[in-house]
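In: Sharing a model that was predicted from the sequence below.
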Amino acid sequence: MATTGQFITCKAAVAWEANKPLVIEDVQVAPPQAGEVRIKILFTALCHTDAYTWSGKDPEGLFPCILGHEAAGIVESVGEGVTEVQPGDHVIPCYQAECKECKFCRSGKTNLCGKVRAATGVGVMMSDRKSRFSINGTPIYHFMGTSTFSQYTVVHDVSVAKIDPVAPLEKVCLLGCGVPTGLGAVWNTAKVESGSIVAVFGLGTVGLAVAEGAKAAGASRIIGIDIDSKKFDVAKNFGVTEFVNPKDHEKPIQQVLVDLTDGGVDYSFECIGNVSVMRAALECCHKGWGTSVIVGVAASGQEISTRPFQLVTGRVWKGTAFGGFKSRSQVPWLVEKYMKKEIKVDEYITHNLTLGEINEAFDLMHEGGCLRCVLATHV
Ligand SMILES: NC(=O)C1=CN([C@@H]2O[C@H](COP(=O)(O)OP(=O)(O)OC[C@H]3O[C@@H](n4cnc5c(N)ncnc54)[C@H](O)[C@@H]3O)[C@@H](O)[C@H]2O)C=CC1
Ligand SMILES: N[C@@H](CCC(=O)N[C@@H](CSC=O)C(=O)NCC(=O)O)C(=O)O
Ligand SMILES: [Zn+2]
Ligand SMILES: [Zn+2]
């Protein structure tokens with residue numbers, strides 16, 4: 001390829017400072033070094049975690065940076081020693097790496113991988129602790145090891161899932177984060193059984209994917225809780241069977257749910273990032289066995305609390321990252337499930353814009369009608 005080994009100058013949306021509009025800049029993207037892959041990003045969606053870091057509330061947030069972590073593209077070139085992908089492969093960048101060799105990967109107990117996490121948390125590549133992005137010599141930090149709000153990005157090889165080239169990239173980009181997180185929270189983290197009563201707090205993309213996963217697992221009741229009643233109509237299509245708006249009740253929401261379910265739900269999922277709701281989600285669980293899974297990301301400085309008695313009496317509090325899916329092994333499987341129409345993806349896409357319209361896309365995210373907005377990056 002003509003660009004192999006060369007710097008590529010391309011468009012990227014740069015977050016220069018927290019909360020200031022992103023700026024489309026000409027960014028120089030260095031060639032991939034050993035163990036790295038340069039990807040032409042074709043489509044990227046926005047996730048609420050991008051908005052969270054951009055807001056300045058992420059303790060790992062560094063500026064200037066290129067945000068974005070839910071995307072799909074084509075490998076442009078690879079660095080020395082990269083064997084599992086080659087130029088032309090269709091791929092999904094994975095913020096949760098999978099090296100298959102580290103203590104975490106070998107444990108069989110978690111999908112977290114330790115190989116590159118220390119570098120991705122400080123916005124650099126592992127080999128030289130430097131960024132591959134720059135603007136006229138000024139380095140721009142990476143984000144979550146993916147930085148997909150760019151026409152080209154460089155990622156570690158352990159952070160790339162090779163997928164079926166027939167899959168539509170403008171759709172399966174969503175399998176980089178929100179949809180797998182919700183499905184996996186149910187299937188891998190909670191392991192919801194058939195007949196269970198499930199409560200889902202927050203009916204955005206992640207909460208709706210929890211509902212979809214719970215329906216597939218055979219849950220008998222799926223109770224959706226949201227302060228925006230407009231969410232309820234669309235949520236029916238994802239399997240939610242009952243709706244509760246906390247604003248319609250004077251009692252604490254956990255009490256409302258306990259009363260509705262003869263003592264509490266079997267499983268609850270917090271898909272908002274609000275620590276008060278996390279407490280309610282735990283406390284609406286049934287004594288003796290109810291399990292609550294924290295999915296939402298809460299801001300720096302926020303802490304969870306409950307009476308220890310809630311746990312002494314058998315409730316279980318868990319959390320999930322990327323729904324417990326092992327990224328490189330299982331993202332291709334999720335793509336296949338989508339191709340066989342076994343999981344939804346298209347239904348989560350409510351808006352399509354371009355990279356140049358990214359600030360409008362962030363504005364849309366804060367409106368109730370937006371689930372996922374997909375940006376075309378090369379138009
Ligand atoms: N753990 C993980 O691996 C991942 C976590 N996340 C996190 O999951 C969370 C949800 O993400 P999205 O679905 O994209 O967000 P979203 O903003 O689309 O959905 C949140 C929903 O919660 C509702 N809500 C807000 N406050 C509420 C309250 N007090 N009570 C009830 N409902 C309330 C909103 O109306 C909205 O419908 C975010 O915190 C995001 O950062 C996202 C992806 C992966
Ligand atoms: N830097 C953040 C970390 C926020 C967080 O928990 N991220 C999730 C993914 S959210 C995706 O949209 C995650 O997978 N965490 C595990 C990890 O290793 O980062 C903060 O410190 O709040
Ligand atoms: Zn995300
Ligand atoms: Zn690993």
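Out: Great, that's in hand. Ligands and ions are numbered 1, 2, ... in the order given.
In: what separates residue 181 from residue 348, distance-wise?
Out: 12 Å (C-beta to C-beta, to the nearest Å). Bear in mind the C-beta positions are built from the backbone N, C-alpha and C, glycine included.
In: and if you look at residue 127?
Out: Taking C-beta to C-beta, one finds residue 127 at 36 Å from residue 348.
In: Comparing those two, which shows the higher neighbour count?
Out: Taking other C-beta atoms under 10 Å, residue 127 and residue 348 do not tie; residue 348 has more neighbours (23 against 15).
In: Does the more buried one touch residue 177 like I think?
Out: No - using C-beta atoms under 8 Å, residue 348 is not in contact with residue 177, being 11.0 Å away.
In: Confirm that residue 12 sits in a helix.
Out: No - going by DSSP: H, G, I helix; E, B strand; the rest coil, the assignment for residue 12 is strand, not a helix.
In: quick one: contacts for the closest residue to it other than its chain neighbours?
Out: Leaving out its chain neighbours, the residue that sits closest to residue 12 by C-beta to C-beta, 6 or more residues apart in numbering is residue 150, at 3.5 Å. By C-beta atoms under 8 Å, 6 or more residues apart in numbering, residue 150 lies in contact with 10, 11, 12, 13, 27, 29, 41, 66, 68, 133, 377.
In: I'd say the fourth one and residue 26 touch.
Out: No - under the criterion of C-beta under 8 Å, residue 13 lies out of contact with residue 26, with a separation of 11.9 Å.
In: Who has more neighbours out of those two?
Out: residue 13 (27 against 11).
In: Which residues are in contact with that one?
Out: Here residue 13 is in contact with 22, 23, 24, 25, 66, 67, 68, 149, 150, 355, 358 (C-beta under 8 Å, 6+ apart).
In: Same check on residue 49?
Out: Each residue near residue 49 by C-beta under 8 Å, 6+ apart is listed here: 69, 144, 177, 297.
In: same thing with residue 257?
Out: Contacts of residue 257 (C-beta under 8 Å, 6+ apart): 199, 223, 225, 244, 264, 265, 284.
In: Okay, and it sits in which element?
Out: Assigned by DSSP states H and E, residue 257 belongs to helix 253-260.
In: Residues of the stretch 201-350 of the chain that sit close to ligand 2?
Out: Neighbours of ligand 2 within the stretch 201-350 of the chain, by C-beta under 6 Å from any ligand atom: 297, 321, 322.
In: from the residues you listed, which single one is nearest residue 159?
Out: residue 322 (11.6 Å; C-beta to C-beta).
In: what's the pLDDT at that closest one?
Out: Note on residue 322: pLDDT of 98.
In: Not counting sequence-adjacent ones, nearest residue to it?
Out: residue 96 (4.2 Å).
In: count of residues packed around residue 274?
Out: Count around residue 274 with other C-beta under 10 Å applied: 18.
In: Actually, residue 107.
Out: 9.
In: Same check on residue 166?
Out: 8.
In: likewise residue 369?
Out: Residue 369, neighbours per other C-beta under 10 Å, totals 11.
In: With residue 297 instead?
Out: Residue 297, neighbours per other C-beta under 10 Å, totals 18.
In: Low-confidence stretches in the stretch 1-150 of the chain?
Out: Along the stretch 1-150 of the chain, the parts satisfying pLDDT under 70 run over 1.
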